[in-house]
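1. Mind looking at a prediction? Sequence and model below.
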Amino acid sequence: MKRTIILVRHGKACSPDAFEKDIDRVLTKRGVNDGYKVAKKIMKSGLIPELLLTSPAARANHSALIFARVMKTGSDKVRLIDEMYHGGGEKMLEEISLLTDDIKTVALFAHNPGITDLAENLTGGAVSFLPTTGVAIINYKTGSWSDIYKAGPTDFNLIIPKEIK
């Protein structure tokens, strides 16, 4: 059975010194625009996640909500995962492995270095950096998300906002 992981680094955010707490940093205009542009490109390919897992940071959560709006999944499909804020790739992979098998496509919205580390791990080093709103789409052929640790990807694709025409 085909399963797809969409890894999204949150959009461009306001400067850290503009906010008292890092978790409250919001997207810039470019971050919002890039989110819409990338989400539309993914949707046009027919790929729509059934679940969107996001860091609770404002910039990641807003990025996830943009995707949910564009893809018409509804905000009820967006789930905040506290551990994804400053969490590493291993924690994100653990969250994926716990998904129910009725979910075929999941999107994760998180931060560097964790999201890039996970992309690098899942693509065997082919992805070495995700820019803001950069996306790695990784496909697997496996019967269960719990087997993700031993399943190798069948293929992957990268989407970089500034490369979208």
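-> The structure has been received and is ready for your questions.
2. so where's this protein uncertain?
-> Within the chain, no stretch falls below the threshold (pLDDT under 70).
3. Can you check which helix is longest in the chain?
-> Within the chain, and with DSSP state H defining each element, the longest helix by residue count is helix 29-44.
4. centre of the chain versus the next helix or strand after it, how much separation?
-> Moving toward the C-terminus from helix 29-44, the first helix or strand encountered (DSSP states H and E) is strand 51-54. Between the mean C-alpha point of strand 51-54 and the mean C-alpha point of its chain there is a distance of 8 Å (CA atoms, centre = their mean, to the nearest Å).
5. Can you name every helix or strand that strand 51-54 contacts?
-> If contacts are counted by 3 or more CB pairs under 8 Å, 6 or more residues apart in numbering; DSSP states H and E, strand 51-54 sits against helix 58-71, strand 78-80, strand 105-110. Yep, even glycine has a C-beta here, placed from its N, CA and C like the rest.
6. how far away is residue 133 from residue 25?
-> Taking CB to CB, to the nearest Å as the measure, residue 133 and residue 25 are separated by 15 Å.
7. neighbour count winner among those two?
-> Neighbours of residue 133 and residue 25, each counted by other CB atoms under 10 Å, are more numerous for residue 133; the result is 29 against 21.
8. element containing that one?
-> No secondary structure element spans residue 133, as it lies outside all helices and strands (assigned by DSSP H and E).
9. Chain neighbours aside, what residue packs nearest to it?
-> Closest residue to residue 133 in three dimensions, ignoring its sequence neighbours and counting by CB to CB, 6 or more residues apart in numbering: residue 34, at 4.0 Å.
10. just checking, that neighbour touches residue 134?
-> No: at 9.2 Å, residue 34 and residue 134 do not qualify as touching, with contact defined as CB atoms under 8 Å.
11. Spit out the residues that contact those two alike.
-> Counting by CB atoms under 8 Å, 6 or more residues apart in numbering, the contacts common to residue 34 and residue 134 are residue 161.
12. No more questions from me, cheers.
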